[in-house]
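# Need coordinates for the below:
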Amino acid sequence: MPRFDPLPERRPVIVAGASSGIGEATAIELAARGFPVALGARRVERLEEIVGKIQADGGEAVGFYLDVTDPDSVTSFVTHSVQALGEIEVLVAGAGDTYFGKLDEITSEEFNSQLQIHLVGANRLATAVLPGMLERQRGDLIFVGSDVALRQRPHMGAYGAAKAGLVAMVTNLQMELEGTGVRASIVHPGPTKTGMGWSLPAEKIGPALQDWAKWGQARHDYFLRASDLARAIAFVAETPRGGFIANMELQPEAPLTSAPKERRQLKLNEENLQQ
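Numbers count the residues shown, from 1 in each chain. As a prediction, this is how the structure comes out:
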């Protein structure tokens, strides 16, 4: 006799922050694997494009406006998602942006905005779906963290503090949910090529890169792709009952040192064009 009932075949998923980057890639990946997906973000027109792409490829998806800093928006989003797809089995909390700036240069309001998006917003989503998961005695809460939470980076103090707080929250959830059938996991991306943060002007990015090199945090110039993280998140969601992924960190593999410099640079340029 199995220790746990198997996961149901139909597992509706919420993906917060699904209009671009890791969230978009995760929604597409999960839909391709048969998960019905509810996409949430503030840019509704982008959601409509992504939902159309998923549906054209044979997947099941809906999209609704979501602002994780607004409690009413979170409640409305979850309600509409349940009405459209059924009870939520998996939450992927990945909404957010990043803010570059030294702690002595940014305002308390700017610092707080990062806490509201990455920590409080993730908590709002979790508390919105947890009652149903606890009642059914199963469910997955998957949070998108950051390697910045594990090893702080200069110029990202507000973002790093919010993500470090997220680690503490997820760790507490793992302890408090033990024996309930609900699993809580956190996936930490290393440097990833997305629009988040990389649209900043050179006067912001340049000093940050210099300080990261100073502290040994910019060893090479390769980045993860959003699709790399999507596969990792899908692996967490598909882990059979009886075990769970507590923490996962994904880092970009460095270019081969034996490869000629010109070939490495060509490869990097090709990857950037594919983003």
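# ok, and for the host helix or strand of residue 230, which residues are buried?
Per DSSP states H and E, residue 230 falls inside helix 226-238. For helix 226-238, a neighbour-count test (16 or more other C-beta atoms under 10 Å) marks 226, 227, 228, 229, 230, 232, 233, 234, 236, 237 as buried. Just so you know, the C-beta spots here come from the backbone N, C-alpha and C atoms, and that holds for glycine as well.
# would you list these in a markdown table and tack on distance to residue 11 and pLDDT?
A markdown table is the format used below for these (distance: C-beta to C-beta, whole Å; pLDDT from 0 to 100):
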| residue | distance to residue 11 | pLDDT |
| --- | --- | --- |
| 226 | 22 | 92 |
| 227 | 21 | 93 |
| 228 | 22 | 94 |
| 229 | 19 | 95 |
| 230 | 16 | 96 |
| 232 | 17 | 97 |
| 233 | 13 | 98 |
| 234 | 11 | 98 |
| 236 | 13 | 98 |
| 237 | 8 | 98 |
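# With distance to residue 6 added, can I get the residues you listed in a markdown table?
Converted to a markdown table, those look like this (distance: C-beta to C-beta, whole Å):
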| residue | distance to residue 6 |
| --- | --- |
| 226 | 30 |
| 227 | 28 |
| 228 | 28 |
| 229 | 26 |
| 230 | 24 |
| 232 | 22 |
| 233 | 20 |
| 234 | 18 |
| 236 | 17 |
| 237 | 14 |
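# which of these lies closest to residue 138?
residue 237 (12.2 Å; C-beta to C-beta).
# For that closest one, list the residues it contacts.
Applying C-beta atoms under 8 Å, 6 or more residues apart in numbering, we find residue 237 in contact with 11, 13, 30, 35, 90, 92, 140, 142.
# The spatially closest residue to the second one that is not a sequence neighbour - how many residues pack around it?
When the adjacent residues along the chain are set aside, residue 13 lies closest to residue 90, with 4.2 Å between them (C-beta to C-beta, 6 or more residues apart in numbering). Using other C-beta atoms under 10 Å, residue 90 has 25 neighbouring residues.
# so residue 90 makes contact with residue 14?
Yes. Using C-beta atoms under 8 Å, residue 90 is in contact with residue 14, at 7.3 Å.
# Show me the helices in the stretch 51-200 of the chain, by range?
With DSSP state H, counting those that start in this stretch as the criterion, the stretch 51-200 of the chain has helices at 71-85, 108-115, 121-136, 157-176.
# I'd like those as TSV, with distance to residue 252, mean pLDDT and mean neighbour count appended.
Output for these, formatted as TSV (distance: least, C-beta to C-beta, whole Å; pLDDT from 0 to 100; neighbours: other C-beta atoms under 10 Å):
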stretch	distance to residue 252	mean pLDDT	mean neighbour count
helix 71-85	32	98	17
helix 108-115	23	95	14
helix 121-136	24	98	19
helix 157-176	18	97	19
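# Let me have those helices in CSV, adding distance to residue 244 as columns.
Below are the helices of the stretch 51-200 of the chain laid out as CSV (distance: least, C-beta to C-beta, whole Å):
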stretch, distance to residue 244
helix 71-85, 22
helix 108-115, 27
helix 121-136, 13
helix 157-176, 8
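# number of nearby residues for residue 88?
Neighbours of residue 88 (other C-beta under 10 Å): 23.
# Run through this structure and note the low-pLDDT ranges.
1, 194-205, 208-220, 259-275 (pLDDT under 70).
# Touching stretch 102-121 from outside, list them.
16, 68-69, 74, 93, 95-99, 101, 154-155, 157-159, 161-163, 165-166, 169.
# which residue ranges form the strands in the stretch 1-150 of the chain?
Using DSSP state E, counting those that start in this stretch, the strands of the stretch 1-150 of the chain run over 13-16, 37-41, 61-65, 90-93, 139-144.
# Tabulate the ones you listed (a markdown table), appending distance to residue 50.
Below are these laid out as a markdown table (distance: least, C-beta to C-beta, whole Å):
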| stretch | distance to residue 50 |
| --- | --- |
| strand 13-16 | 10 |
| strand 37-41 | 6 |
| strand 61-65 | 7 |
| strand 90-93 | 14 |
| strand 139-144 | 17 |
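# Relative to residue 2, which of these is closest?
Comparison of these against residue 2 by C-beta to C-beta identifies strand 139-144 as nearest, at 18.0 Å.
# Mind giving me the packing neighbours of that closest one?
Here strand 139-144 touches strand 90-93, helix 121-136, helix 157-176, strand 182-189, helix 226-238, going by 3 or more C-beta pairs under 8 Å, 6 or more residues apart in numbering; DSSP states H and E.
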